[in-house]
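Q: Need coordinates for the below:
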Amino acid sequence: MYNLERQEQIIRILEERKSISVQQLSKLLYVSQPTVRRDLDILSRQGKVQRTHGGVVLRQASDTEIPLMFREDQNNAAKKAIAEKAALLIHDGDVIFLDASSTVSYLVPHLKKFHDLLVVTNSPKTSMRLGEQNIKNYCTGGLLLAHSIAYVGSETEKFISGINADVFFFSSRGYTEDGYITDSSESEVAAKKAMLQNAQRSYYLCDSSKRGKKFAFNVCSSKALAGIIDET
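A: A predicted model of the protein is given here:
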């Protein structure tokens, strides 16, 4: 079992039990206690769990990843305005990377007016929406994160590395005052970085709720981008 798969399994176990000891996790996952502790350290830094003496508890929903179905309904007006601006940066024939963020999903309805687009995304939900509009697209595959409905991991990154994109649109949970784009999911950050590396131009879609927020993992500095698109 890969590290990411094991960590997802730990979250699923905690969703059922709410708390568990390191010793119990070690037996359930068939790995050593030091391995479990390393996984718990990672999950703790991501804000998904809270360590206790000899064990771990699942953080309350308000402190963990907000499921995509709820994030899609947050700041609707701002996300729609941002998507309209982002669409102005697209040209017929472009190869486009889209990440699995809720903000980027608002861009999908604007793509049907373009010709000969090719879209690559790590979001199965976005891929289905693109297919409904007869927009040619590839979905990366990989390990599916339930909360984000996003594919991540080495297979995802390998697929992305084989594509050369004209433009990449992405978002995240936070944008710090000193210009760093941050997120709480290490695996999603890795997928975003792979897309950044293989895109000629990258744009960060940023509504006001993200500004001034800092999470555990840096995606990139704003200096590495072609631009930041907000609702103003």
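Q: quick one: buried residues of stretch 43-56?
A: Using 16 or more other Cβ atoms under 10 Å as the test for burial, stretch 43-56 gives 43, 46-50, 55-56. Quick note: C-beta positions are derived from backbone N, CA and C, even for glycine.
Q: Kindly report the same for stretch 17-27.
A: 20, 22, 24-26.
Q: and the closest residue to Ser202 other than its chain neighbours, what are its phi and psi?
A: Once flanking residues are discounted, Ser202 sits nearest to Phe168: 4.3 Å by Cβ to Cβ, 6 or more residues apart in numbering. Phi and psi for Phe168, reported as degrees, to the nearest 10, are phi -130, psi 130.
Q: Which pLDDT value goes with Phe168?
A: Phe168 carries a pLDDT value of 98.
Q: how near is the residue nearest in space to the middle of the chain to Thr182?
A: Centroid check for the chain by Cα atoms, centre = their mean gives Glu188 as the closest residue, at 4.1 Å. Look at Glu188 and Thr182: by Cβ to Cβ, to the nearest Å, they are 11 Å apart.
Q: Residue ranges in the chain under the pLDDT threshold?
A: 1-2, 60-75 (pLDDT under 70).
Q: Would you map the helices across it?
A: 3-17, 22-29, 33-45, 68-71, 76-87, 102-105, 124-132, 154-161, 186-197 (DSSP state H).
Q: Nearest to Asp116, out of those?
A: helix 124-132 (13.8 Å; Cβ to Cβ).
Q: Next up, the contacts around Val152.
A: Neighbouring residues of Val152 by Cβ atoms under 8 Å, 6 or more residues apart in numbering: 4, 122, 142-143, 145, 185, 187-188, 190-191.
Q: If any of the residues you listed are buried, give me the ChimeraX selection for them.
A: Selection of buried members from the contacts of Val152 for ChimeraX, criterion 16+ other Cβ under 10 Å:
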select :4,122,142,143,145,185,187,188,190,191
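Q: okay if I get the contacts of Val152 as a markdown table plus distance to Met128?
A: Listed next are the contacts of Val152 as a markdown table, based on distance: Cβ to Cβ, whole Å:
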| residue | distance to Met128 |
| --- | --- |
| Leu4 | 23 |
| Asn122 | 13 |
| Gly142 | 16 |
| Leu143 | 19 |
| Leu145 | 17 |
| Ser185 | 22 |
| Ser187 | 21 |
| Glu188 | 19 |
| Ala190 | 23 |
| Ala191 | 18 |
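Q: on that earlier part again, could you check how many residues crowd around the residue nearest to Ser202?
A: 27 (other Cβ atoms under 10 Å).
Q: Any figure for the gap between it and Leu118?
A: 13 Å.
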